[in-house]
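Novice: With the input below, show me the fold.
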Amino acid sequence: MPAGNAKFLMDSVFELAQRINRFRLADAEIGLFCAVVIITADRPGLRNPEIVGQMQSKLKMVLQNILVPQHPENSTIFTELMTIIHDLRTLNTLHTEKFLQQARVTGEQVREAAVSRVPTGSPPTQSSLQQHLLYGGVGDWGGQPG
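Specialist: Numbering: from 1, shown residues only. Got it, this is the predicted structure:
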């Protein structure tokens, strides 16, 4: 990852942390906010997204019911925190893209180095874990693409 991209990502993370810290949330409020962020129905692969959506709605309601009396000086605190969730997801997506991009580059470098060390005519021998880490998609850990 170029240094400029890493700096932008880290600056964005710290800016978001400062925004959240300005609310001076109690530990229980932070915990509820984290639960609202994590428990979301639009995660890929969920079997019962409607149940997860109901859980998130209840968590949001509890968070709002706790925030309003605890922070009477800031009547928009709940709305502002819900806006931060969008920003958190955007940062997560950016981080994931950069991480995967870096992993691909690193994986290619590792494969090139491994191939250059293997004597001609000998296939590289790798454990299924190595194959999974280098190439991904190993479904059964038996070395077969999944």
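Novice: Show me what whichever helix in the chain runs longest is packed against.
Specialist: Of all segments of type helix in the chain, defined using DSSP state H, the longest is helix 77-117. Applying 3 or more C-beta pairs under 8 Å, 6 or more residues apart in numbering; DSSP states H and E, one finds that helix 77-117 contacts helix 3-21, helix 27-38, helix 49-70, helix 128-135. Glycine gets a C-beta too; all of them are placed from N, C-alpha and C.
Novice: T106: which of the ones you listed is closest?
Specialist: Closest to T106 of the helices and strands packed on helix 77-117, according to C-beta to C-beta: helix 128-135, at 9.3 Å.
Novice: Could you list the buried residues of stretch 29-49?
Specialist: For stretch 29-49, a neighbour-count test (16 or more other C-beta atoms under 10 Å) marks 29, 32-33, 36-37, 39-40 as buried.
Novice: Please identify which pair of the residues you listed lies farthest apart.
Specialist: Of all pairs drawn from the buried residues of stretch 29-49, the one with the longest distance (C-beta to C-beta) is E29 and T40, at 18.4 Å.
Novice: And N74, how close does it get to L81?
Specialist: Separation of N74 from L81 (C-beta to C-beta, to the nearest Å): 10 Å.
Novice: out of those two, which sits in the busier spot?
Specialist: Shown here are N74 and L81; by other C-beta atoms under 10 Å, L81 has more neighbours (22 against 15).
Novice: got the contact list for that one?
Specialist: L81 makes contact with 20, 23, 33, 63, 67 under the criterion C-beta atoms under 8 Å, 6 or more residues apart in numbering.
Novice: Could I get these in a markdown table, plus columns for pLDDT?
Specialist: Output for the contacts of L81, formatted as a markdown table (pLDDT from 0 to 100):
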| residue | pLDDT |
| --- | --- |
| I20 | 94 |
| F23 | 95 |
| F33 | 96 |
| L63 | 97 |
| L67 | 96 |
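Novice: between the residues you listed, which is nearest N48?
Specialist: Within those, proximity to N48 (C-beta to C-beta) peaks at L63, which comes in at 22.0 Å.
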